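Undergrad: Starting from these lines, generate the structure:
(2 chains)
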Amino acid sequence: GENVEQHPSTLSVQEGDSAVIKCTYSDSASNYFPWYKQELGKGPQLIIDIRSNVGEKKDQRIAVTLNKTAKHFSLHITETQPEDSAVYFCAAPREDAGNMLTFGGGTRLMVKP
Amino acid sequence: GAGVSQSPSNKVTEKGKDVELRCDPISGHTALYWYRQSLGQGLEFLIYFQGNSAPDKSGLPSDRFSAERTGGSVSTLTIQRTQQEDSAVYLCASRVHQMNTEAFFGQGTRLTVV
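TA: Below is the predicted model:
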């Protein structure tokens, strides 16, 4: 199976600052690492993902880095804005279960204006 | 539809009653997943369907929980003899197939057992 751990569970930053959320996973065979954002009362929505053939991927203010040797990956949000406030989840697939995603415990990000 | 649709959005039921939660996946998506999210918690895997294969039920917490997927499309999650600890948001997600592609989530059904 796959075990995904996520830190921190809560993160408060000032608008304009950067935010970093970190995840570790257990299955060295995993090769796909998505990040989801969940706003209040809504389902999670994919914001960025990375595959194991690259070490970093960037999309405007968000980026994800992957260290396969250490089995950890991180989400970086720069120039945070109040609308970035949400719960963020990392995930990794279970290859023994049809690539079903195992999720981290979530990080509640609060961006203070 | 354009996205994954779940119904009802909210359900309040009395302890001991049965409930049915419905998920309409994106058309053409062969993989369908049910997750449970307790208040302020992460996503707990319940069950997974892929095409016409037998579902992976390894995440179901007890034999009071069951799910089916008819015609490879709509899925129903049934909870029998509901208990207060069943109160949570039940999320459904679908994928084009079981390969590592984006999983699209519905808005969830908030179940409250009183």
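Undergrad: C-alpha from now on. contacts and neighbour counts both.
TA: OK.
Undergrad: Around chain A, pick out the residues from chain B.
TA: B:33, B:41-45, B:48, B:50, B:56, B:91, B:98-100, B:102-108 (C-alpha under 8 Å from any C-alpha of the partner chain).
Undergrad: so of those, which ones are in strands?
TA: B:33, B:44-45, B:48, B:50, B:91, B:104-105 (DSSP state E).
Undergrad: The residue most central in space within chain B - nearest residue in space that isn't next to it in sequence?
TA: Geometric centre of chain B, nearest residue: B:Trp34, 3.4 Å, by C-alpha atoms, centre = their mean. Once flanking residues are discounted, B:Trp34 sits nearest to B:Cys92: 4.6 Å by C-alpha to C-alpha, 6 or more residues apart in numbering or on different chains.
Undergrad: now do A:Asp96
TA: Once flanking residues are discounted, A:Asp96 sits nearest to A:Gly1: 6.8 Å by C-alpha to C-alpha, 6+ apart.
Undergrad: list the contacts for the one you found?
TA: Counting by C-alpha atoms under 8 Å, 6 or more residues apart in numbering or on different chains, A:Gly1 touches A:27, A:94-96.
Undergrad: Counting neighbours, which of those end up buried?
TA: A:27, A:94-95 (16 or more other C-alpha atoms under 10 Å in any protein chain shown).
Undergrad: Turn the residues you listed into a markdown table, columns for distance to chain B, secondary structure and pLDDT.
TA: Converted to a markdown table, those look like this (distance: C-alpha to the nearest C-alpha, whole Å; DSSP: H, G, I helix; E, B strand; the rest coil; pLDDT from 0 to 100):
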| residue | distance to chain B | secondary structure | pLDDT |
| --- | --- | --- | --- |
| A:Asp27 | 15 | coil | 89 |
| A:Arg94 | 10 | strand | 86 |
| A:Glu95 | 9 | helix | 79 |
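Undergrad: Quick check: the gap between the residue nearest to the centre of chain B and chain A.
TA: According to C-alpha to the nearest C-alpha, to the nearest Å, B:Trp34 stands 10 Å off from chain A.
Undergrad: wouldn't that residue be in contact with B:Ser94 here?
TA: No: between B:Trp34 and B:Ser94 there is no contact under C-alpha atoms under 8 Å: 9.0 Å.
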